[in-house]
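**Q** okay, sequence plus prediction incoming.
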Amino acid sequence: MSYVNHIPQRNPVSPLFPFLCQVVTAVAATPFPMAPSQSLPDALCTHQSGLPWSPLSSCGKQGDSCCFAQSVVLRGIAKERLVSKPPPGCEPKSVLHMCETGEEVLARYLYTTSPTTLSSTLHLLQEGCQLRAPYPQFFSPLLDKRGFLLAAPTRASTTVESIPVISALQSSALLHRTLGAFYKELHQLDVRRWASFFSVGVELDDFQEALEQLRTLSHCYRESGVEEESGDEED
């Protein structure tokens with residue numbers, strides 16, 4: 001989990017929700033799966049159900065949990081490959097091939113694959129992630145030196161010098177379950193049995209207050225209309 005400055009003061013599905021939250025999850029696809037001959041619309045069209053990024057946080061995969069807001073960064077795609085308009089008189093392959101800018105391509109794709117997300121902030125950087133020595137060369141032989149996917153591995157070993165990457169910080173309902181489970185685990189502990197815990201100046205009342213703040217924070221990520229897990233309110 002990663003931390004930024006603001007604490008949500010209300011249910012995040014409210015239209016007044018400040019989209020900068022205290023806790024977010026991180027996801028990334030490294031490298032971003034794209035062939036050397038593809039444009040960004042071509043690459044995204046091969047992932048109709050969503051981007052193949054993996055969680056970097058311990059909360060697990062997004063699954064069916066609602067994503068309230070996200071900040072997405074795509075880097076390593078040259079400017080001329082961000083769009084792919086059809087020649088005059090030809091039908092576009094998809095709505096993504098009709099977009100004017102790379103930002104529009106990515107925004108339309110994210111809205112299509114995750115329409116419940118209330119806000120997406122996008123950043124596109126042309127320079128990929130540089131892999132200078134002593135970065136380990138543990139990549140698949142299907143990658144070229146710029147980190148793009150080849151149809152078949154090359155005969156000679158290739159040193160991958162950079163890779164395209166897409167990553168995101170997300171505020172989602174997944175955090176409600178994760179923070180709630182953390183609260184329940186701490187709530188079951190009797191810290192009074194550990195005298196050394198309070199010998200450094202921590203007061204029991206301060207601990208209990210922090211515990212309730214954690215519980216309140218978990219409620220901020222609950223989806224509207226979703227019933228609270230049984231037993232939580234009785235803790």
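**A** Now that the structure is in, tell me what you want to look at.

**Q** show me how the protein divides into domains.
**A** 2-172, 176-219 (automatic domain parsing).

**Q** in JSON lines: these, plus mean pLDDT.
**A** What follows is the domains of the chain, written out as JSON lines (pLDDT from 0 to 100):
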{"stretch": "domain 2-172", "mean pLDDT": "84"}
{"stretch": "domain 176-219", "mean pLDDT": "84"}
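
**Q** pick the most deeply packed of these.
**A** With neighbours defined as mean count of other Cβ atoms under 10 Å, these peak in mean count at domain 2-172, which reaches a mean of 16. All C-beta spots, glycine's among them, are computed from the backbone N, C-alpha and C.

**Q** how distant is it from the center of its chain?
**A** How far domain 2-172 lies from its chain's middle: 9 Å, per Cα atoms, centre = their mean, to the nearest Å.

**Q** which one in this structure is furthest away from the centre?
**A** A195 (40.1 Å; Cα atoms, centre = their mean).

**Q** S39 is in contact with F148, correct?
**A** No: the criterion here is Cβ atoms under 8 Å, and F148 misses it with S39 at 12.0 Å.

**Q** what helix or strand does L179 sit in?
**A** helix 174-187 (DSSP states H and E).

**Q** nearest spatial neighbour of L186, chain-adjacent residues omitted?
**A** L211 (5.9 Å; Cβ to Cβ, 6 or more residues apart in numbering).

**Q** tell me which element that neighbour falls in.
**A** Counting by DSSP H and E, L211 is found in helix 204-219.

**Q** just want the angle from that helix to helix 174-187.
**A** Inter-element angle recorded for helix 204-219 and helix 174-187: 160 degrees (by axes from the mean of the first three to the mean of the last three Cα atoms, to 10 degrees).

**Q** helices and strands around helix 204-219, which ones?
**A** Packing contacts for helix 204-219, counted by 3 or more Cβ pairs under 8 Å, 6 or more residues apart in numbering; DSSP states H and E, involve helix 174-187.

**Q** pull the CA atoms of the next helix or strand after the helix it packs on into PDB?
**A** On the C-terminal side of helix 174-187, the nearest following helix or strand under DSSP H and E is helix 195-198. This file holds the C-alpha atoms of helix 195-198, laid out as PDB (Å, rounded to 0.1, in the frame of the first residue of the first chain):
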ATOM      1  CA  ALA A 195       4.500  -4.500  29.000                       C
ATOM      2  CA  SER A 196       7.300  -3.600  26.600                       C
ATOM      3  CA  PHE A 197       4.800  -2.300  24.100                       C
ATOM      4  CA  PHE A 198       3.900   0.600  26.500                       C
END
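
**Q** other residues contacting helix 195-198?
**A** V191, L204 (Cβ atoms under 8 Å, 6 or more residues apart in numbering).

**Q** swap in 10 Å and give it another go.
**A** L189, V191, R192, L204, D206, F207 (Cβ atoms under 10 Å, 6 or more residues apart in numbering).

**Q** brilliant, that's me finished.
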